[in-house]
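Student: 3D, please:
(chains A and B)
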Amino acid sequence: DVKVTQSSRYLVKRTGEKVFLECVQDMDHENMFWYRQDPGLGLRLIYFSYDVKMKEKGDIPEGYSVSREKKERFSLILESASTNQTSMYLCASRRPQGGNTEAFFGQGTRLTVV
Amino acid sequence: AQSVTQLGSHVSVSEGALVLLRCNYSSSVPPYLFWYVQYPNQGLQLLLKYTTGATLVKGINGFEAEFKKSETSFHLTKPSAHMSDAAEYFCAVSVTGANNLFFGTGTRLTVIP
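Tutor: Sure, this is the predicted structure:
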């Protein structure tokens, strides 16, 4: 069974902390994504990576950075957490072939910044 | 650029009634279309997808969707709602060469006993 695993289901962090969200996939997918999900706004792309050490900004990259040192692992970093980053964060991976492949999602990390 | 519009952020149906969740897409090239379901505090799970070929696509849990190019639509249906169908549903579009899927804002389905 294919899997995308996010390291935490729930996190509570303080304002100003540096926060790491980790994601691992076992499908040897080239593409990995970080989305943020908020009520009424759907899924918004923060960053994606199409290869090791390669990344591209999505729609809302401000306040975030990413790291992809190994193909299977994609990390999202909140450099200095703020309350407006309280949200559900979803990691996904996907094979890039032709655009007709589905994305596989992790179970999500619900982050609360206090 | 591609985009998806989901009409109705909340839909309520009675148990046993028809489920219809609407999705319209915008794309200048032939699209690939997806429906995902999200149960509370979970990630997204693929229900079905349209790539090429037959325009009526069957998915898991009795759901199906029909690609209608003339209407730029990909509505999701299920003949008879179950309580277990209560969840949030997302429509998404992609095209050849695109790394990303573009998601709609979601429709929350409530099933009334």
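
Student: give me the element the residue nearest the centre of chain B is part of.
Tutor: For chain B, the residue nearest the mean C-alpha position is B:W35 (3.6 Å; C-alpha atoms, centre = their mean). Taking DSSP states H and E as the criterion, B:W35 maps to strand B:32-38.

Student: may I have the strands that pair with the following helix or strand past that strand, each with its orientation?
Tutor: Next along the chain after strand B:32-38, taking DSSP H and E as the criterion, comes strand B:44-50. Within its sheet, strand B:44-50 is paired with strand B:32-38 (antiparallel), according to DSSP bridges.

Student: flag every buried residue along the strand it pairs with.
Tutor: B:32-38 (16 or more other C-beta atoms under 10 Å in any protein chain shown). Just so you know, the C-beta spots here come from the backbone N, C-alpha and C atoms, and that holds for glycine as well.

Student: between these, which is closest to chain A?
Tutor: B:Y32 (4.4 Å; C-beta to the nearest C-beta).

Student: give me the mean pLDDT for the biggest strand by length in chain A.
Tutor: In chain A, with assignment by DSSP state E, the single longest strand is strand A:42-51. Predicted confidence along strand A:42-51 averages 93 (mean pLDDT).

Student: could you point out which element follows it?
Tutor: strand A:54-57.

Student: for A:R44, see how far away A:G58 is.
Tutor: As for A:G58, its distance to A:R44 is 7 Å (criterion: C-beta to C-beta, to the nearest Å).
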